[in-house]
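Asks: sequence and predicted model, in that order:
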Amino acid sequence: MQISRCGIHGFHEVLGIDTDEIRFYWAIESNERDAVQVAYRIVVTTDAKSLESDSPDCSTVWDSQRVESNEQRNIICNTTNGFQSTCSHFWKVIVWDQAGNPYHSAVNHFFTAYPRSHLLPPYSMNQTYMPHTSLIFRSWFEDEANRWKAVWIGDGGDKPIYLRKSFELARRPARAILFASGLGHFNMTVNGQAASDHRLDPGWTNYHRRVQFTSYDVTDQLAAGQNALGVHLGNGFYAGDKGDDRFFWPMYEDNTYVRYGNELCFFGELHLFDEDGEHTVLISDASWKVRKSATTLANIYASETHDRRLYPSSWDCAEFNDAAWAPVKPLTGPRGQIYYQTQPPVVLHETFEPVRTYSPKKGTVCYDLGQNASTMVKIAVEGPAGSEIIVRYSETVGEDGTVLMPDPLFKEFETGVFSRIFLAGTGKPEIWEPDFSFTSARYIQVEGVSLEVGDQLPVIHSAVGRHISSAARKLGTIKTDKEDVNTLLNALYWSFASNLFSYHTDCPQIEKFGWLEVTHLLAPATQYIRDMESLYTKILDDILDTQEPSGLVPTMAPEIRYMCGPLHDTITWGCALCLLPDMLRQYYGSTHVIPKVYPAAVRYMDYMQTKERKGGLIEHGLGDWGRGIAFGNNQANIETAIYYRCLQCVEMMARELGKHEEAEKFNQWAARVYATYNRHLLVTDDPSRPYAYYTSLDNYPERDRDAIAQAMALQFGLVPAEHHNDVMAAFLDDVSDGKIRAGEIGLRFLFNTLADAKRPDLVLQMARQEEHPSYMRFLRRGETTLLEFWQDECRSKCHDMLGTIYEWFYAAVLGLKPISDAYRTFEIDPPYNSEFEHVKGSVDCPYGLIDIEYTRSETSVTLSLTVPFGTTATVRLPGDMKKAEYGQKKEKRIAVEGADLTLTHGLYTVNIQL
């Protein structure tokens with residue numbers, strides 16, 4: 001055995017753990033076919049050397065002792081007195097196989113911040129009005145070891161600034177951990193080098209409730225002698241800046257802009273550890289220096305203004321002379337408490353080189369990157385000092401090849417989103433890239449430049465797009481033998497990847513909002529391609545911070561844009577609070593969020609109960625949003641089905657917490673909703689139909705029987721067993737023409753029901769329609785990502801809300817679906833009777849890599865499969881096959897008896913004769 005991957009649930013990075021309870025996981029690889037884990041032991045210590053011995057010593061923080069179990073996930077570590085603050089912790093896991101042989105993991109490390117600092121009341125950092133030394137406040141600071149020491153600093157303004165601190169070290173530290181937070185966003189350097197590959201730190205939150213800090217190991221960047229910390233601080237969503245001529249969306253209903261604060265601020269602590277154990281802390285305080293940035297406008301909506309003439313070269317290096325810089329001001333800072341940034345950071349990924357470069361008119365150069373995606377551009381321009389360069393971005397171009405916003409209601413986005421750069425005139429190509437903004441773009445338009453020398457204009461040497469997205473681990477791949485399907489899969493991937501940041505956005509261009517319906521509707525698809533556990537953990541914190549005193553969960557978290565009516569209160573959005581904990585359990589085998597989510601979920605269900613009609617129906621909300629670009633249809637069917645599922649999830653959480661009486665209450669509550677749903681929506685007495693079916697109440701008392709009403713009942717387990725076949729028949733009757741009649745909400749359940757019905761032909765017919773709704777129509781028109789609605793032209797062309805078909809491709813074409821938590825058991829059920837003759841894909845699930853490839857001819861199917869250690873695969877075989885056999889390499893083939901084949905870990909080939 002080999003322990004291949006270890007981690008802590010809910011934390012992407014582990015250099016600022018700020019909780020006293022954590023949960024461990026690990027994965028195992030083994031070439032022995034019959035190997036199993038029969039026991040484990042985890043040891044946590046503050047001295048890595050002590051892990052060389054099996055005997056605990058005074059540095060041992062927690063020891064699980066030997067536990068007879070095959071569990072590899074969700075292992076709770078809850079120390080007696082909590083973790084020591086600002087301290088390195090080391091841990092390893094030992095597992096035993098069936099023969100009693102022990103296997104040791106590598107030594108893992110995490111660093112704690114202040115796990116109990118949230119117990120302290122918030123306090124002002126402004127020493128003018130509330131000095132830290134004031135006797136009246138002494139009790140707030142008596143727990144010195146477990147409190148933050150740093151001070152929020154800035155210049156008191158709301159424009160970007162540079163901050164720096166020079167300091168001297170007698171010797172290079174053995175370890176140096178830097179905690180930092182900056183609002184809105186900040187870029188951190190140490191001795192002129194980036195502290196990490198992070199962009200747009202910290203993550204977006206409700207800054208009145210929660211402010212994230214990030215942590216970096218900067219040991220290798222420090223040296224004996226003079227050193228310097230540098231911070232470039234911009235606006236983000238914290239103090240949004242429209243400037244004089246730019247687009248900026250988040251605003252109140254009276255068109256005043258949403259602001260969490262009016263002073264950009266920074267907060268940091270550098271923890272230095274020597275070999276002899278000495279621990280010193282350098283903090284942000286009044287000794288730091290500040291000056292205005294050469295970036296004078298930092299607008300999160302892809303607009304910046306940067307003057308290269310104002311840039312202080314080497315400003316963040318140790319040797320820089322900052323005598324002319326002003327001392328910083330200690331600031332009050334944000335209202336929210338400080339928490340570790342648990343989700344993956346935002347980082348740069350692929351670089352898109354232009355596939356076409358052209359100049360539609362003198363002074364304008366345009367670039368087609370070939371792929372629409374969330375992007376930070378990078379240009380190189382050479383020209384005289386003071387030359388003004390304008391950079392625009394677009395997902396669409398007009399007939400003349402210049403940037404175009406096709407939606408007339410959003411023309412401001414065409415004219416009011418741009419970056420302005422003034423050259424320093426160095427005689428060399430000058431590089432510009434945004435520090436604090438990004439957008440979705442396929443096209444870059446640069447104005448005030450020429451491609452050739454001699455036009456009396458600055459010369460542009462290059463322009464590229466760099467994809468920016470979450471650093472969440474990439475998990476899945478899929479490719480088929482159908483080129484149009486592969487093109488669609490590519491568009492779906494880029495639509496998803498371009499909307500993963502510190503929350504799941506709806507689009508990276510127009511809005512950048514955290515609408516909650518895409519979060520839960522696309523979670524089953526996204527988990528095939530990215531490890532979303534820590535991001536969903538953070539999104540749940542956003543939802544908890546957004547929940548209102550009444551229990552209502554708004555449609556957006558953080559609620560950066562304040563909405564009203566059904567755009568504020570809709571259970572198909574707010575249900576993410578209840579559904580995400582169940583998805584974390586199902587896809588990642590973790591229940592770590594349940595203790596904090598459960599009370600809020602109970603309050604939300606209590607709130608929703610006040611909205612019940614007819615004894616249990618929910619009939620307010622957005623219905624099947626996006627159907628005909630409207631809302632209001634199938635409300636009772638959709639909203640009530642989601643309500644029913646929420647109650648089941650809350651029951652699950654109650655049972656997980658041992659609250660069995662409360663669980664039974666929610667069980668009975670769900671049963672009442674079930675009965676009400678069927679009493680009012682199930683039709684069994686229609687003489688014009690040969691089957692029972694579900695109607696909406698949209699035109700009551702008229703009855704209808706559309707596919708979405710049937711799909712919602714089928715997918716949410718609301719159909720009485722005796723009517724299941726009838727309702728499926730009604731569903732198939734409505735979709736038999738291969739046309740999509742579903743909005744954003746119903747779309748996922750439409751495809752899942754078609755998967756259950758084994759009708760890949762209908763899904764592909766829907767996708768390939770000549771007219772909208774149609775996925776392939778997008779592609780035939782040259783789009784490389786999904787549009788917001790079923791239209792040829794939309795304001796947003798990188799919207800993932802229609803992307804739920806991605807789940808269908810993995811679950812029903814690759815054929816992979818989890819059965820029990822974290823893929824401990826999973827099924828492989830590819831569409832043997834379909835047009836696909838070859839499909840290959842993989843998903844790196846929590847236990848390891850699942851690899852699948854099948855090839856089909858008229859008479860046979862060959863299925864190759866990798867099953868990870870600790871999991872069991874059930875291969876569903878064709879019901880009409882003649883025979884099947886399977887085996888591992890060099891093993892004798894074994895005949896399959898029955899319709900299913902159960903496999904433990906290993907590499908298998910299954911041969912099927914049709």
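Replies: Sure thing, it's come through.
Asks: residues in contact with the worst-scoring helix or strand of the chain on mean pLDDT?
Replies: Every helix and strand of the chain was ranked by mean pLDDT, DSSP states H and E. The lowest is helix 411-415, at a mean of 89. Contact with helix 411-415 is made by 247, 394, 403, 404, 405, 509, 510, 795, as judged by CB atoms under 8 Å, 6 or more residues apart in numbering. Backbone N, C-alpha and C define where each C-beta goes, glycine included.
Asks: switch the cut-off to 7 Å
Replies: 247, 403, 404, 405, 510 (CB atoms under 7 Å, 6 or more residues apart in numbering).
Asks: same check on stretch 738-752?
Replies: 517, 521, 572, 624-627, 634, 638, 706-708, 711-712, 715, 762-763, 765-766, 769, 773, 801-802, 804-805, 807-808.
Asks: can I have the buried ones of these as a PyMOL selection?
Replies: Buried subset of the contacts of stretch 738-752, written as a PyMOL selection, criterion 16 or more other CB atoms under 10 Å:
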select buried, resi 517+521+572+624+625+626+627+634+638+706+707+708+711+712+715+762+763+765+766+769+773+801+802+804+805+807+808
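Asks: the contacts of stretch 738-752 in helices, which ones?
Replies: 517, 521, 572, 638, 707-708, 711-712, 715, 762-763, 765-766, 805, 807-808 (DSSP state H).
Asks: now residue 672: closest residue in space that isn't a chain neighbour?
Replies: Using CB to CB, 6 or more residues apart in numbering and skipping residues adjacent in sequence, the residue nearest residue 672 is residue 616, 5.5 Å away.
Asks: state the pLDDT value of that neighbour.
Replies: As predicted, residue 616 sits at a pLDDT of 97.
Asks: that one: how many residues sit nearby?
Replies: 21 (other CB atoms under 10 Å).
Asks: who are the neighbours in contact with it?
Replies: Residue 616 touches 672, 673, 676, 677, counting by CB under 7 Å, 6+ apart.
Asks: OK, contacts around residue 570?
Replies: 555, 621, 622 are the contacts of residue 570 under CB under 7 Å, 6+ apart.
Asks: just residue 249 next, same as before
Replies: By CB under 7 Å, 6+ apart, the neighbours of residue 249 are 301, 511, 561.
Asks: pLDDT at it, what is it?
Replies: Value listed for residue 249 in the pLDDT field: 83.
Asks: related to what we said a few turns ago, so which of the contacts of helix 411-415 wins on neighbours?
Replies: residue 510 (25 neighbours).
Asks: is that one in a helix, a strand, or coil?
Replies: Three-state secondary structure (criterion: DSSP: H, G, I helix; E, B strand; the rest coil) places residue 510 in coil.
Asks: residue contacts, it?
Replies: 410, 413, 795, 796.
Asks: going by distance to residue 359, which of those wins?
Replies: Residue 359 lies nearest to residue 413 out of the contacts of residue 510, by CB to CB, at 23.6 Å.
Asks: neighbours of that closest one, how many?
Replies: By other CB under 10 Å, neighbour count at residue 413 equals 22.
Asks: can you list the weak-confidence ranges in the stretch 201-350 of the chain?
Replies: Counting by pLDDT under 70, the stretch 201-350 of the chain contains low-confidence ranges at 252-257.
Asks: hang on, residue 754 in a helix?
Replies: Yes - read with three-state DSSP, residue 754 is one of the residues of a helix.
Asks: out of everything not next to it in sequence, what's closest to it?
Replies: Nearest to residue 754 is residue 763, by CB to CB, 6+ apart, at 5.2 Å.
Asks: you'd agree that neighbour is up against residue 808?
Replies: Yes - applying CB atoms under 7 Å, one finds residue 763 in contact with residue 808, separated by 6.1 Å.
Asks: turn the contacts of residue 249 into JSON lines, columns for distance to residue 685.
Replies: Compiled in JSON lines, these are given as follows (distance: CB to CB, whole Å):
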{"residue": "301", "distance to residue 685": "55"}
{"residue": "511", "distance to residue 685": "46"}
{"residue": "561", "distance to residue 685": "46"}
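Asks: which among these gets closest to residue 728?
Replies: Using CB to CB, the contacts of residue 249 come closest to residue 728 at residue 511, 37.5 Å.
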